[in-house]
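Chemist: pasting the sequence and the predicted coordinates here, then a few questions.
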Amino acid sequence: MACSLLAPAGALAADYVGSNVCKTCHPDVWSNFYKNPHFKSLASGTETPENTGCESCHGPGKAHVEARGGKATIIAFSELGPEKTLDACLRCHGQTISRANIRRSTHTQQDVVCSNCHSIHKSPAPKFLLAKQQTELCYGCHATARAQFSMPFKHRVNEGSVQCTDCHNPHGAFDPTWRMAARPHMVDQREGTEEACLKCHIDKRGPFVFEHGSVAVERCETCHQPHGSMNARLLKRPTVFTLCLQCHNGQGNFGNFGPAFHTGVQKPPSDHNLANPRYQNCTTCHPKIHGSNTSEFFFR
C-alpha cells in the first residue's frame, strides 16, 4: 500500500476520517490550507484516503479523534526522528531529479531534513513552503558564508539579486563523473558536469583548444572565493600574481613557462621581475586565463 511508511499496519479505509474533521480542532491550519501545494490532493477528488489531505502525512485520524487529540494517537512530525521524517516526505517527493540524491547529501548526513527548512502549515515565504526567507534560513547554520557575503566584493545575495539555490542544491547535487556520489558543498551544475558558475558567466564556457588546467580539472573555486573576497574578481589572494605563483612557481617541471620562453631552465623569464608592478598583474599579458582558442599561453 502506498502509505506503508506512515500508516499503521492493517489500517483500513474506515480509519480515515477526512480532512474536514481535522479543521474542527485545527482551524488555524485549515484556514490557509487552500494556499498550500498539498491542497491539490483534496482538490483533485481522485486520491485514495491514505493519499488525501491531512491524513496523507499524519496517517489515519480515527483514533486521534476518538481520543480527543494527543500526539500519541496520530503521526506527529515533532516526535519523528530525521530518518522517518525524510521517508514520509519522499513518499511523494522522491521521484524528482532535484531530490534524487538527498539521502547522500551533506544535509541528510548531518540529520538536517525537510522539516528543518520547510514549514508545511505556516510558511511565511512565498515559495517552497520555507520556514523563513531563504537567505536567513541558510544563514542560520552557515555563519561563515554570512560573513563572506559581508566582504567588500561578493555575489549580491544580501541584496536579493542572487539566491543560495542559484548555485547550491539543498537536496543534494548529483555529479555523474563522481560515480553517483554527492558533490561537495552541494554545488549545483548547469549542464552535464559544468559548474553552476556558468549559468551566469557563459563567456567562460568552453570547450577551448587550450584549457587552463585549474579550470578544466579543479574548477572555478581553485582561484575564486565565490561568496566574497577582498579582491574585485573574487580571487582567493589579494593580488593576481600571488595567486598564480601558487602553481606557476617554476619548481621542477611544475608551473614552468616552457621552451617558448627559454630552453632548459625551468624558471620564469629574467625580465619577469615580480617586484616590478608591471609584472604583478599576470592577466595583463595573459587575459584569456580561463581558456583560449589561439594561444597556449592564453595571450589575447
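Modeler: All right, it came through fine. What you are looking at is a predicted structure, and each value in this text was computed from that prediction instead of being measured.

Chemist: chain center to stretch 152-161, what's the gap?
Modeler: Relative to its chain's centre, stretch 152-161 lies at 17 Å (CA atoms, centre = their mean, to the nearest Å).

Chemist: what residues does that stretch touch?
Modeler: 135, 148-150, 162-164, 226-234 (CB atoms under 8 Å, 6 or more residues apart in numbering). Quick note: C-beta positions are derived from backbone N, CA and C, even for glycine.

Chemist: swap in stretch 73-90?
Modeler: Contacts for stretch 73-90 (CB under 8 Å, 6+ apart): 5-6, 57-59, 61, 63-64, 66-67, 71, 99, 102-103, 108, 111-115.

Chemist: just the C-alpha atoms of it, please, in PDB.
Modeler: Presented in PDB, the C-alpha positions along stretch 73-90 are these (Å, rounded to 0.1, in the frame of the first residue of the first chain):
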ATOM      1  CA  THR A  73      -2.700   8.800  18.600                       C
ATOM      2  CA  ILE A  74      -1.500  10.500  15.400                       C
ATOM      3  CA  ILE A  75       1.700  10.800  13.400                       C
ATOM      4  CA  ALA A  76       3.200  14.000  14.900                       C
ATOM      5  CA  PHE A  77       6.300  15.100  13.000                       C
ATOM      6  CA  SER A  78       7.700  16.900  16.100                       C
ATOM      7  CA  GLU A  79       8.000  13.400  17.600                       C
ATOM      8  CA  LEU A  80       9.600  11.700  14.500                       C
ATOM      9  CA  GLY A  81      13.300  11.300  14.000                       C
ATOM     10  CA  PRO A  82      15.100  12.600  11.000                       C
ATOM     11  CA  GLU A  83      15.000   9.300   9.100                       C
ATOM     12  CA  LYS A  84      11.300   8.800   9.400                       C
ATOM     13  CA  THR A  85      10.600  12.400   8.600                       C
ATOM     14  CA  LEU A  86      12.600  12.100   5.400                       C
ATOM     15  CA  ASP A  87      10.900   8.800   4.500                       C
ATOM     16  CA  ALA A  88       7.500  10.500   4.900                       C
ATOM     17  CA  CYS A  89       8.200  13.400   2.600                       C
ATOM     18  CA  LEU A  90       9.900  11.200   0.000                       C
END
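
Chemist: and the contacts of stretch 73-90, which of them are in helices?
Modeler: In helices, defined here by DSSP state H, the members of the contacts of stretch 73-90 are C57, H58, A63, H64, E66, T108, C114, S115.

Chemist: before we move on, the earlier item: out of the contacts of stretch 73-90, which end up buried?
Modeler: Neighbour-count burial (16 or more other CB atoms under 10 Å) is assigned, among the contacts of stretch 73-90, to 6, 57-59, 61, 63-64, 99, 102-103, 108, 112-115.

Chemist: okay, now H171: neighbour count?
Modeler: Using other CB atoms under 10 Å, H171 has 22 other residues around it.

Chemist: give me the element it is part of.
Modeler: Per DSSP states H and E: H171 is located in neither a helix nor a strand.

Chemist: ramachandran coordinates for it?
Modeler: phi -90, psi 0 (degrees, to the nearest 10).

Chemist: nearest to A125 among the contacts of stretch 152-161?
Modeler: Taking CB to CB as the measure, A125 sits nearest to T135 out of those, at 10.6 Å.

Chemist: can you read off the pLDDT for that closest one?
Modeler: We have a pLDDT of 94 for T135.

Chemist: touching, it and D166? I think so.
Modeler: No: T135 lies out of contact with D166 (CB atoms under 8 Å); the separation is 11.6 Å.

Chemist: next, count neighbours for the residue nearest to C114 when sequence neighbours are not counted.
Modeler: Closest residue to C114 apart from its sequence neighbours, by CB to CB, 6 or more residues apart in numbering: C89 at 4.5 Å. If you count neighbours by other CB under 10 Å, C89 ends up with 19.

Chemist: can you give me the mean pLDDT across stretch 225-234?
Modeler: For stretch 225-234, the per-residue pLDDT averages 92.

Chemist: any idea how far apart the tips of it sit?
Modeler: Terminal residues of stretch 225-234 lie 5 Å apart, using CA to CA, to the nearest Å.

Chemist: again, but for stretch 139-153
Modeler: Termini of stretch 139-153 sit 18 Å apart (CA to CA).

Chemist: tell me the mean pLDDT over it?
Modeler: Mean per-residue pLDDT for stretch 139-153: 94.

Chemist: which other residues reach stretch 24-41?
Modeler: For stretch 24-41, contacts defined as CB under 8 Å, 6+ apart pick out 19, 22-23, 47, 51-53, 56-57, 69, 120-122, 129.

Chemist: how about a cut-off of 10 Å?
Modeler: 19-20, 22-23, 42-43, 47-48, 51-57, 64-65, 68-69, 92, 120-123, 127-129 (CB atoms under 10 Å, 6 or more residues apart in numbering).
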